[in-house]
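Visitor: Need a 3D model of the following:
(one chain, ligands or ions: 1)
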Amino acid sequence: MEKTLFEKIADKEIPAEIVYEDDQCVAFRDVNPQAPTHVLVIPREPIPSLESLAETNAPLLGHLWMVIRDVARQEGIAQGGYRVVVNCGQDGGQTVDHLHFHVLGGRPLQWPPG
Ligand code: DGP
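Guide: Below is the predicted model:
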């Protein structure tokens, strides 16, 4: 099966500024940042979206949240505060069909989102 765009980034076939990686996930800077810090955290496994998660993905999800916390600390936004966003499906604004967590910070963020 054709690799997703984010699999190609994880496999370093497409360049990206990777800020963290391990055997389960990769974190890299968004190409179109919406805040001074905008990092995407993805599982290496090409899970298409939140909607396609299985019960067996629960340990992976726990790991991803720990990585999100650590990336926020590493980026220096943990103390000021930050936001984690997962867009799911068409109405949710998802454009890349590979589960990803947006980690946004470095400025006060507005609420609600559009
Ligand atoms: P979403 O709309 O939630 O599916 O977010 C997809 C994000 O992926 C969007 O903020 C832009 C980012 N993105 C798309 N293509 C690339 C790419 O080639 N490199 C990087 N670093 N980010 C990308």
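Visitor: Val26 is in what secondary structure piece?
Guide: Applying DSSP states H and E as the criterion places Val26 in strand 25-29.
Visitor: quick one: contacts of the next helix-or-strand element following that strand?
Guide: The C-terminal neighbour of strand 25-29 among helices and strands, as given by DSSP H and E, is strand 37-43. Surrounding strand 37-43, the residues in contact under the criterion Cβ atoms under 8 Å, 6 or more residues apart in numbering are 6, 9-10, 19-20, 24-30, 60, 64, 67-68, 71, 75-77, 82, 98-106. Where you see a C-beta, it was placed from the backbone N, CA and C, and this is true even at glycine.
Visitor: what mean pLDDT would you report for strand 37-43?
Guide: Mean pLDDT, strand 37-43: 98.
Visitor: Starting from that strand, tell me which strands it pairs with and how they run.
Guide: Its sheet considered, strand 37-43 pairs with strand 25-29 (antiparallel), strand 101-105 (antiparallel) by DSSP bridges.
Visitor: Spell out which parts of the chain neighbour the ligand.
Guide: Those residues of the chain that sit near the ligand, judged by Cβ under 6 Å from any ligand atom, are 5, 14, 16, 28-32, 40, 87, 93-96.
Visitor: out of those, who's nearest Glu51?
Guide: Distances from Glu51 to the residues of the chain next to the ligand, taken as Cβ to Cβ, are shortest for Gln94 (9.3 Å).
Visitor: these two touch, right, that closest one and Cys88?
Guide: Yes - between Gln94 and Cys88 there is a contact at 5.7 Å, judged by Cβ atoms under 8 Å.
Visitor: neighbour count winner among those two?
Guide: In this view Gln94 and Cys88 are compared by other Cβ atoms under 10 Å, and Gln94 has more residues nearby, 18 against 14.
Visitor: Backbone dihedrals for the residue nearest to that one when sequence neighbours are not counted, both of them.
Guide: Nearest residue to Gln94 in three dimensions, chain neighbours excluded: Asn87, at 4.2 Å (Cβ to Cβ, 6 or more residues apart in numbering). Dihedral angles of Asn87 (phi, psi; degrees, to the nearest 10) stand at phi -80, psi 130.
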